[in-house]
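Participant: Next comes the sequence, and after it the predicted model I'd like to discuss.
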Amino acid sequence: MARVNVVLFDLDDTLLDYSGEAARCWSEACATVAGPAGVDADALRGAIRDVGAWFWSDPERHRRERTDMLGAWRKIVEGALERCGGLRDGLAARVAADFAARRRATWSLFPDAVPALQRLRARGVALGLVTNGDAGMQREKIARWDLARFFDVVVIEGEFGCGKPDARVFRHALDVLGASPRDAWMVGDHLVWDVLGAQQVGVRAAWLDRPRQGLPSDALAVPDRILDSLTDLTTLE
Ligand SMILES: [Mg+2]
């Protein structure tokens with residue numbers, strides 16, 4: 001039986017429940033900070049939803065802004081406050097900071113993450129962490145859950161200078177590991193960054209579909225494997 005030598009992991013929404021509580025955190029930040037400042041919290045919450053969807057919908061803006069998440073969140077709130085007629089000195093920054101604190105407090109590792117990493121390490125599989133985003137925030141998550149101990153290479157977009165799906169990210173991780181693409185799998189929840197990006201350099205990709213929504217009909221990439229958890233990575237061969 002062939003055996004996988006290298007597994008590269010995405011961090012957010014793969015190992016770490018990053019987005020699960022985001023909607024609730026926005027609602028609470030609006031109610032706690034904007035409401036007392038005289039802004040209709042429900043209207044602001046709706047505007048943040050719309051502006052946020054617009055803000056992140058453009059891949060180029062997404063790429064540019066995600067390496068400074070607090071700044072991105074402040075810009076989204078500014079746009080939303082403008083729509084609600086509530087823009088005033090410092091309020092957007094305060095809502096964004098409150099939201100950020102709530103997000104930090106709600107992040108947690110998925111229960112299957114550490115056992116999966118431990119099992120792969122025990123089998124002698126080399127592991128890489130390949131994550132997009134803000135260097136400070138990603139380092140904070142890695143330190144908080146002591147994740148560095150599992151990985152032979154960590155590539156963070158905000159440190160490396162470019163992010164997934166750029167081929168350089170995957171090639172760099174493989175170079176550090178001295179591995180060839182055919183020995184490796186990428187595991188992640190994003191069909192473009194994780195799946196398409198990995199496949200473009202010849203790395204097989206397992207798409208993590210925790211909500212079990214199934215592959216969208218307009219998916220830009222077809223994963224080599226679809227997983228609904230990290231409990232059985234031994235099927236990656
Ligand atoms: Mg992800």
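Facilitator: Yep, it's here. Numbering: from 1, shown residues only.
Participant: Contacts only, for the residue nearest to Met69 when sequence neighbours are not counted.
Facilitator: Leaving aside its sequence neighbours, Met69 sits nearest to Asp134 (Cβ to Cβ, 6 or more residues apart in numbering; 4.6 Å). C-beta here means a position set from N, CA and C on the backbone, and glycine is covered the same way. With contact taken as Cβ atoms under 8 Å, 6 or more residues apart in numbering, Asp134 is in contact with 66-70, 158.
Participant: which parts of this structure sit against the ion?
Facilitator: 10, 12-13, 189-190 (Cβ under 5 Å from the ion).
Participant: again, only using 8 Å
Facilitator: Listed as neighbours of the ion in the chain under the rule Cβ under 8 Å from the ion: 10-14, 18, 131-132, 188-190, 193-194.
Participant: For the residue nearest to Met69, give its distance to Trp73.
Facilitator: Per Cβ to Cβ, to the nearest Å, Asp134 is found 11 Å from Trp73.
Participant: same check, this time on Leu11
Facilitator: Taken as Cβ to Cβ, the span from Leu11 to Trp73 is 18 Å.
Participant: now Asp58
Facilitator: 16 Å.
Participant: which one of these two has more residues nearby?
Facilitator: Trp73 (25 against 11; other Cβ atoms under 10 Å).
Participant: so what's the more buried one closest to, chain neighbours aside?
Facilitator: With Cβ to Cβ, 6+ apart, the residue lying closest to Trp73 is Ala96, at 4.1 Å.
Participant: Can you list the low-confidence ranges for the protein?
Facilitator: Applying pLDDT under 70 to the chain flags residues 1-3, 237.
Participant: Strands of that one, start to end?
Facilitator: Assigned by DSSP state E, the chain shows strands spanning 6-9, 16-17, 108-109, 126-131, 153-156, 184-188, 204-208, 225-227.
Participant: so what secondary structure elements neighbour the last one?
Facilitator: If I follow you right, that is strand 225-227. Here strand 225-227 touches strand 204-208, going by 3 or more Cβ pairs under 8 Å, 6 or more residues apart in numbering; DSSP states H and E.
Participant: make it 10 Å
Facilitator: If you count contacts as 3 or more Cβ pairs under 10 Å, 6 or more residues apart in numbering; DSSP states H and E, strand 225-227 packs onto strand 184-188, strand 204-208.
Participant: Same check on the fifth one?
Facilitator: In this structure, strand 153-156 packs against strand 6-9, strand 126-131, helix 135-144, helix 167-177, with contacts taken as 3+ Cβ pairs under 10 Å, 6+ apart.
Participant: pretty sure Ala101 contacts Trp73?
Facilitator: No: judged on Cβ atoms under 10 Å, Ala101 makes no contact with Trp73 at a distance of 11.2 Å.
Participant: which neighbours do the two share?
Facilitator: Shared contacts of Ala101 and Trp73 (Cβ atoms under 10 Å, 6 or more residues apart in numbering): Ala29.
Participant: Now for Tyr18: which residues touch it?
Facilitator: Contacts of Tyr18 by Cβ under 10 Å, 6+ apart are 11-12, 103, 106-108, 110, 133, 137, 141, 189.
Participant: measure Leu127 to the ion for me?
Facilitator: To the ion, Leu127 is 16 Å away according to Cβ to the ion, to the nearest Å.
Participant: Please disregard the earlier target; I meant Arg45.
Facilitator: 24 Å.
Participant: what's the span of stretch 155-168 from first residue to last?
Facilitator: 11 Å (Cα to Cα, to the nearest Å).
Participant: Can you list the buried residues in that stretch?
Facilitator: For stretch 155-168, a neighbour-count test (16 or more other Cβ atoms under 10 Å) marks 155-158, 160, 163-166 as buried.
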